[in-house]
Each structure stands twice: as C-alpha cells, then as structure tokens.
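Q: Generate coordinates for the sequence data below:
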Amino acid sequence: MSDPLTLGRLTATAAQASPDLLAAPVLAALTAFDGRDGVFVAPIDPELADTAAFCAAYDVAPEASANCVVVTGKRAGEQRWAAAVVLATSRADVNGVIRRRMDVRKVSFAAMADAVEITGMQFGGITPIGLPAGWPILIDAAVAAAGPVVIGSGIRGSKIVVDGAALAALPGAEVVDGLATPV
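A: Numbering: from 1, shown residues only. Below is the predicted model:
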C-alpha cells in the first residue's frame, strides 16, 4: 500500500484499503482501473461535501478541487448522458463545448434524482470513477494539468485525491481544451 497523501488538512490513504469510504460503483470501477494505486481517499464531514465548504474547512485550494457534473440531452428521441470534470475555479461550457461533444441540440444539468439513481452515487459526491459504461467523461485540460486534485468518492462522507492526469485513463474519458472557463 502507498503512504498517506496530504493535501491541505486532508490526509488520504490508498482507496483500495478503505472500501467503506467509496460508493459501490466507485469501488467496482477501481478494481479494473489501471491507475488504482494512485487513487487515495479521506473521510470528511458529510455536511462539508459541497466544494466551497469543503475547501474552506479542509484548507484545500479551489484550484486543487474538481467537480464532476452530470449532463443530459436528447438526439432523435435518444436520451444521452455525459459527465464533465472541471476545476472548482471554473464553469463547464455546457451550451457550447459539451453540447457539441454530446451531439445534441440542447444540454442541461441532470436533475438530482436522475443523477443519483443512474450513477448509484450520492448527490454532492458524484465522481467520474464508476460512472455507467458508455458515458463520455469530458475532462477539462486544466484538471489534467493540475496535479493532485480532490474529487467526489460517490458518497458525501469522503473525498478522493488523484492526479488529474490519471483521470484521462478512465473508460470513456477525453481531455478537452476549453471545456471550462474561469469564474
């Protein structure tokens, strides 16, 4: 097992050694993920899972925190789903880059109930690791270049720490320049 990893006041240990800190789909995906040895997890207060509260409480810079958002749109009556991973200091270009990548006329953020049901993850903890097979996972180039980033773990009671570049190895992942714009 790897040594603990510290980011701000967050101390993370090898994710595989703490299956209770991961949602079931995340744990299942990690077993098949080549980069699993570089995935760490840390328990957090579930009340502090939202990005701004988390960063303030655990002294993690927003530039080292990434959000995974679930988006949906239709094309020829077919519902399409995707995920976008962007730094907390930016906003996903939903109506531009993401809409074109999904090849839909209109894209929107998935309703909370739908996102939770389809991913098997808790809202506020959705992560690109363990998303349904076949989903495009669009990763902003800034995330891939950020070094260690904090992302959801599938539950609100923990966070994953992983090198942003490692996310590009996830099934369906694509690093996209200009996926997000700074806020």
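Q: for the worst-scoring helix or strand of the chain on mean pLDDT, the distance to its chain's centre please.
A: Least confident element among the helices and strands of the chain, by mean pLDDT, DSSP states H and E: strand 5-7 (a mean of 91). The chain centre lies 18 Å from the centre of strand 5-7; the measure is Cα atoms, centre = their mean, to the nearest Å.
Q: So which elements touch that strand?
A: Other helices and strands packing on strand 5-7, by 3 or more Cβ pairs under 8 Å, 6 or more residues apart in numbering; DSSP states H and E, are strand 10-14, strand 148-152. C-beta here means a position set from N, CA and C on the backbone, and glycine is covered the same way.
Q: Please identify the most buried of those strands.
A: Mean neighbour count (mean count of other Cβ atoms under 10 Å) peaks for strand 148-152 among the helices and strands packed on strand 5-7, with a mean of 24.
Q: picking up where we left off before, so for the least confident helix or strand of the chain, what gets flagged as buried?
A: Neighbour-count burial for strand 5-7 flags 5, 7 (criterion: 16 or more other Cβ atoms under 10 Å).
Q: re earlier: how about the helices and strands packed on strand 5-7, which one is nearest V94?
A: strand 148-152 (18.7 Å; Cβ to Cβ).
Q: so where's this protein shaky on pLDDT?
A: 1 (pLDDT under 70).
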